[in-house]
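A.B. asks: turn this into a structure:
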Amino acid sequence: MPEPSEDPTSWSMDLRGTSAPALVEIRRWASRTLARVDDAHLGDVLLVATELVTNAYDHGNGPLGVRMRHTPSPCRVWIEVDDNCPDHPVLAPPSPERLGGRGMYIVDKLACAWGVLDHPGGSKTVWAEVSCDGVDAVPCAATLA
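C.D. replies: Residues are numbered from 1 along each chain as shown. Prediction:
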(Lines give C-alpha, C1' and ligand atoms only; values in the text may rest on other atoms or scores of the structure.)
Protein backbone atom coordinates (compact mmCIF):
# COMPACT_ATOMS: atom_id res chain seq x y z
CA MET A 1 0.00 0.00 0.00
CA PRO A 2 1.28 3.49 -0.77
CA GLU A 3 2.32 5.70 2.08
CA PRO A 4 0.95 9.25 2.03
CA SER A 5 3.54 11.96 1.68
CA GLU A 6 3.78 14.92 4.04
CA ASP A 7 2.01 17.05 1.42
CA PRO A 8 -1.73 16.20 1.54
CA THR A 9 -2.11 17.06 -2.16
CA SER A 10 0.62 14.68 -3.35
CA TRP A 11 0.81 10.87 -3.39
CA SER A 12 3.30 8.28 -4.57
CA MET A 13 3.43 4.52 -5.03
CA ASP A 14 6.51 2.32 -5.47
CA LEU A 15 6.04 -0.01 -8.46
CA ARG A 16 9.40 -1.76 -8.55
CA GLY A 17 8.98 -5.48 -9.10
CA THR A 18 5.26 -5.28 -9.88
CA SER A 19 3.39 -6.66 -12.86
CA ALA A 20 0.37 -5.49 -14.85
CA PRO A 21 -2.14 -6.46 -12.10
CA ALA A 22 -0.72 -3.50 -10.15
CA LEU A 23 -2.82 -1.33 -12.49
CA VAL A 24 -5.92 -2.32 -10.52
CA GLU A 25 -4.25 -1.14 -7.31
CA ILE A 26 -3.20 2.12 -8.97
CA ARG A 27 -6.79 2.82 -10.05
CA ARG A 28 -8.11 1.98 -6.57
CA TRP A 29 -5.43 4.08 -4.93
CA ALA A 30 -6.05 7.06 -7.22
CA SER A 31 -9.82 6.80 -6.73
CA ARG A 32 -9.36 6.91 -2.95
CA THR A 33 -6.74 9.62 -2.84
CA LEU A 34 -8.42 11.83 -5.45
CA ALA A 35 -11.91 11.40 -4.01
CA ARG A 36 -12.55 15.16 -4.26
CA VAL A 37 -12.06 15.18 -8.04
CA ASP A 38 -15.31 15.08 -10.04
CA ASP A 39 -16.15 11.60 -11.41
CA ALA A 40 -15.92 12.67 -15.07
CA HIS A 41 -12.44 14.11 -14.55
CA LEU A 42 -11.37 11.23 -12.34
CA GLY A 43 -12.11 8.91 -15.27
CA ASP A 44 -9.69 10.91 -17.43
CA VAL A 45 -7.05 10.86 -14.67
CA LEU A 46 -7.40 7.08 -14.22
CA LEU A 47 -7.14 6.46 -17.96
CA VAL A 48 -4.06 8.68 -18.31
CA ALA A 49 -2.40 7.05 -15.28
CA THR A 50 -3.19 3.56 -16.61
CA GLU A 51 -1.80 4.39 -20.05
CA LEU A 52 1.42 5.90 -18.66
CA VAL A 53 2.05 2.93 -16.35
CA THR A 54 1.16 0.42 -19.09
CA ASN A 55 3.60 2.19 -21.40
CA ALA A 56 6.32 1.78 -18.76
CA TYR A 57 5.53 -1.96 -18.45
CA ASP A 58 5.49 -2.47 -22.23
CA HIS A 59 8.34 -0.20 -23.33
CA GLY A 60 10.25 1.07 -20.29
CA ASN A 61 11.56 -2.11 -18.62
CA GLY A 62 8.79 -1.81 -16.01
CA PRO A 63 7.72 1.19 -13.96
CA LEU A 64 9.71 2.26 -10.90
CA GLY A 65 7.04 4.44 -9.36
CA VAL A 66 4.03 6.64 -9.92
CA ARG A 67 3.24 9.99 -8.35
CA MET A 68 0.14 12.16 -8.47
CA ARG A 69 -0.37 15.70 -7.31
CA HIS A 70 -3.68 17.58 -7.14
CA THR A 71 -4.55 21.25 -6.85
CA PRO A 72 -8.25 22.07 -6.44
CA SER A 73 -8.12 25.63 -7.76
CA PRO A 74 -7.35 25.60 -10.57
CA CYS A 75 -8.28 21.95 -10.66
CA ARG A 76 -5.27 20.03 -12.01
CA VAL A 77 -3.88 16.54 -11.51
CA TRP A 78 -0.26 15.81 -12.43
CA ILE A 79 0.72 12.20 -13.02
CA GLU A 80 4.37 11.12 -13.19
CA VAL A 81 5.65 7.62 -13.98
CA ASP A 82 9.32 6.71 -13.63
CA ASP A 83 11.08 3.91 -15.51
CA ASN A 84 14.67 2.96 -16.22
CA CYS A 85 14.63 3.07 -20.02
CA PRO A 86 15.98 6.10 -21.91
CA ASP A 87 13.61 5.69 -24.87
CA HIS A 88 10.88 8.30 -25.10
CA PRO A 89 7.25 7.36 -25.73
CA VAL A 90 6.07 7.62 -29.31
CA LEU A 91 2.96 9.57 -30.21
CA ALA A 92 1.40 7.94 -33.23
CA PRO A 93 -2.12 8.16 -34.61
CA PRO A 94 -4.19 5.04 -33.97
CA SER A 95 -4.29 2.50 -36.75
CA PRO A 96 -6.77 -0.34 -37.25
CA GLU A 97 -3.85 -2.46 -38.49
CA ARG A 98 -1.98 -2.32 -35.14
CA LEU A 99 -3.07 -4.05 -31.95
CA GLY A 100 -1.38 -1.46 -29.74
CA GLY A 101 0.16 1.95 -30.04
CA ARG A 102 -2.79 4.01 -28.85
CA GLY A 103 -1.65 4.78 -25.30
CA MET A 104 0.20 8.03 -25.86
CA TYR A 105 -2.43 9.15 -28.36
CA ILE A 106 -5.03 8.76 -25.59
CA VAL A 107 -2.75 10.60 -23.14
CA ASP A 108 -2.24 13.39 -25.68
CA LYS A 109 -6.00 13.81 -26.17
CA LEU A 110 -6.95 13.75 -22.45
CA ALA A 111 -4.04 15.70 -20.96
CA CYS A 112 -3.60 19.43 -21.40
CA ALA A 113 0.17 18.82 -21.45
CA TRP A 114 2.62 15.93 -21.20
CA GLY A 115 6.33 15.39 -21.57
CA VAL A 116 9.46 13.52 -20.57
CA LEU A 117 12.18 14.37 -18.06
CA ASP A 118 15.44 12.52 -18.68
CA HIS A 119 17.55 11.53 -15.67
CA PRO A 120 21.24 10.59 -15.40
CA GLY A 121 21.88 6.91 -15.95
CA GLY A 122 19.21 6.42 -18.59
CA SER A 123 16.04 6.62 -16.53
CA LYS A 124 13.18 9.01 -17.20
CA THR A 125 9.90 10.38 -15.91
CA VAL A 126 6.92 10.60 -18.24
CA TRP A 127 4.42 13.13 -16.91
CA ALA A 128 0.97 14.39 -17.84
CA GLU A 129 -1.22 17.20 -16.55
CA VAL A 130 -4.98 16.69 -16.59
CA SER A 131 -7.12 19.81 -16.24
CA CYS A 132 -10.52 19.63 -14.61
CA ASP A 133 -11.54 23.18 -15.50
CA GLY A 134 -11.23 23.47 -19.26
CA VAL A 135 -13.74 25.23 -21.51
CA ASP A 136 -16.29 22.40 -21.42
CA ALA A 137 -15.29 21.02 -18.03
CA VAL A 138 -17.36 20.92 -14.87
CA PRO A 139 -15.45 22.36 -11.89
CA CYS A 140 -13.91 19.91 -9.42
CA ALA A 141 -16.19 19.03 -6.55
CA ALA A 142 -13.54 20.49 -4.22
CA THR A 143 -14.03 23.96 -5.73
CA LEU A 144 -17.81 23.80 -5.24
CA ALA A 145 -17.61 23.16 -1.48
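
A.B. asks: and the residue sitting furthest away from the middle of the chain, which of the three is it?
C.D. replies: Centroid-distance maximum for the chain: Glu97 at 26.5 Å, with CA atoms, centre = their mean. Look at Glu97: counting by DSSP: H, G, I helix; E, B strand; the rest coil, its state is coil.

A.B. asks: tell me the pLDDT at it?
C.D. replies: Looking at Glu97, its pLDDT stands at 82.

A.B. asks: ok, the one 10 residues further on next?
C.D. replies: Reported pLDDT at Val107 in the predicted model: 95.

A.B. asks: please apply the same query to the one 4 residues further on.
C.D. replies: As predicted, Ala111 sits at a pLDDT of 94.

A.B. asks: Gly134 now?
C.D. replies: 55.

A.B. asks: what's the answer for the one 5 residues further on, then?
C.D. replies: Per-residue pLDDT puts Pro139 at 48.

A.B. asks: Asn55 now?
C.D. replies: 91.
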